[in-house]
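Colleague: the amino acid sequence is not available; the structure is as follows:
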Ligand SMILES: [Zn+2]
Ligand SMILES: [Zn+2]
């Protein structure tokens, strides 16, 4: 059973292709399930250049997902997902927004440290202004917060802070263990996200070191390409499957109406 739970589309303004083109590529490469999980709307037009508006969600996202589910029901299972943002201060808005739809799952991602979109190539120079050790500490503090807040089902790209190749000089072991203990307690799954292989860091999210910790804590895994173009659906899943065998006992989590279950890969 093979799934891709992390895909985007033109609505977020930094991805190509319609929702249907992502579904069609998933069918072409033989996936059993595709999850459509575009960047969520946020309150007060937060970082609108990289996400859909709430109006677009209601007019151009949700109804299109439902129509595609019906149109392709004999060929593939399509899950209604969303990539949420953990941004301290917005929790109540996010909780209310998420409750308005019958999502299959919501990925919880950290893309911001305070107002800094640290994974946005436009703002990469900030890594040179700040202390990289502090950036990493702050980042994992946010990951912990995203698990504690109870708003999300899957931890998205859980070491995204390495995207451009900046590495801490201090040993992060204690912080990582503390963070993933909180993730374990939350009951969330962690995604193996292959998009890091296509970024300057040239490494999967998470690293094999973190996968070892996840395995030790028996934290469930899911799979996502983070495709921002239809042909990236399922990209590098041969490598990801090997990690699922090695660090996840060959099992991945699937979600229906925000209930998790496990299947063999
Ligand atoms: Zn994106
Ligand atoms: Zn993301």
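Modeller: It's in. Source: prediction; values computed, not measured. Ligands and ions are numbered 1, 2, ... in the order given.

Colleague: average pLDDT for the biggest strand by length in the chain?
Modeller: For the chain, the strand with the greatest residue count under DSSP state E is strand 77-85. Taken as a whole, strand 77-85 has a mean pLDDT of 98.

Colleague: and if you look at stretch 182-189?
Modeller: Mean predicted confidence for stretch 182-189 is 98.

Colleague: excluding sequence neighbours, find me the nearest residue to the residue most central in space within the chain.
Modeller: Nearest to the mean C-alpha position of the chain, by Cα atoms, centre = their mean, lies residue 156 at 3.1 Å. Nearest non-adjacent residue to residue 156, counting by Cβ to Cβ, 6 or more residues apart in numbering: residue 109, 3.5 Å away. The way it works is simple: take the backbone N, C-alpha and C, and place the C-beta from them, glycine included.

Colleague: how many residues are close by that neighbour?
Modeller: 29 (other Cβ atoms under 10 Å).

Colleague: so what's it up against?
Modeller: With contact taken as Cβ atoms under 8 Å, 6 or more residues apart in numbering, residue 109 is in contact with 83-86, 146, 156-157, 160.

Colleague: quick one on the thing from earlier: distance of the residue nearest to the centre of the chain relative to residue 60?
Modeller: 22 Å (Cβ to Cβ, to the nearest Å).

Colleague: got the contact list for stretch 54-68?
Modeller: 11, 19-20, 23, 36, 38, 40-41, 52, 78, 80, 97, 101.

Colleague: now, those residues that are in strands?
Modeller: Per DSSP E, the contacts of stretch 54-68 map to strands at 36, 78, 80.

Colleague: which of the residues you listed sits closest to residue 1?
Modeller: residue 78 (14.9 Å; Cβ to Cβ).

Colleague: quick check: residue 259 vs residue 102, distance?
Modeller: Applying Cβ to Cβ to residue 259 and residue 102 gives a distance of 12 Å.

Colleague: for residue 12, that is, sorry about that
Modeller: In terms of Cβ to Cβ, residue 12 sits 21 Å off from residue 102.

Colleague: and those two? which has more neighbours close in?
Modeller: residue 12 (18 against 10).

Colleague: surely that one touches residue 40?
Modeller: No - the pair residue 12 and residue 40 does not pass the contact test of Cβ atoms under 8 Å, sitting 9.6 Å apart.

Colleague: which parts of the stretch 1-150 of the chain are strands?
Modeller: Per DSSP state E, counting those that start in this stretch, the stretch 1-150 of the chain carries strands over the ranges 3-4, 33-36, 77-85, 105-109, 112-113, 116-117.

Colleague: can you redo those strands as CSV with distance to residue 177?
Modeller: Below are the strands of the stretch 1-150 of the chain laid out as CSV (distance: least, Cβ to Cβ, whole Å):
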stretch, distance to residue 177
strand 3-4, 28
strand 33-36, 29
strand 77-85, 25
strand 105-109, 20
strand 112-113, 21
strand 116-117, 26
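
Colleague: of those, which is nearest residue 252?
Modeller: Using Cβ to Cβ, the nearest of the strands of the stretch 1-150 of the chain to residue 252 is strand 3-4, at 6.6 Å.

Colleague: what is the mean pLDDT for that closest one?
Modeller: 98.

Colleague: contact partners of that strand?
Modeller: Against strand 3-4 from outside (Cβ under 8 Å, 6+ apart): 26, 31-35, 222-225, 227, 233-234, 237, 252, 254.

Colleague: report the two of those residues separated the most.
Modeller: 227 and 254 (18.1 Å).

Colleague: out of the two, which sits in the more crowded spot?
Modeller: residue 227 (26 against 22).

Colleague: tell me what the more buried one is bridged to.
Modeller: Beta-bridge partners recorded for residue 227 (DSSP bridges): residue 7.

Colleague: now do it against residue 64, distance only.
Modeller: Taken as Cβ to Cβ, the span from residue 227 to residue 64 is 17 Å.

Colleague: spatially nearest residue to residue 29, not counting backbone neighbours?
Modeller: residue 234 (4.8 Å).

Colleague: now the helices for the protein?
Modeller: Using DSSP state H, the helices assigned to the chain run over residues 19-28, 54-56, 62-71, 91-99, 126-129, 132-148, 173-186, 208-216, 237-247.
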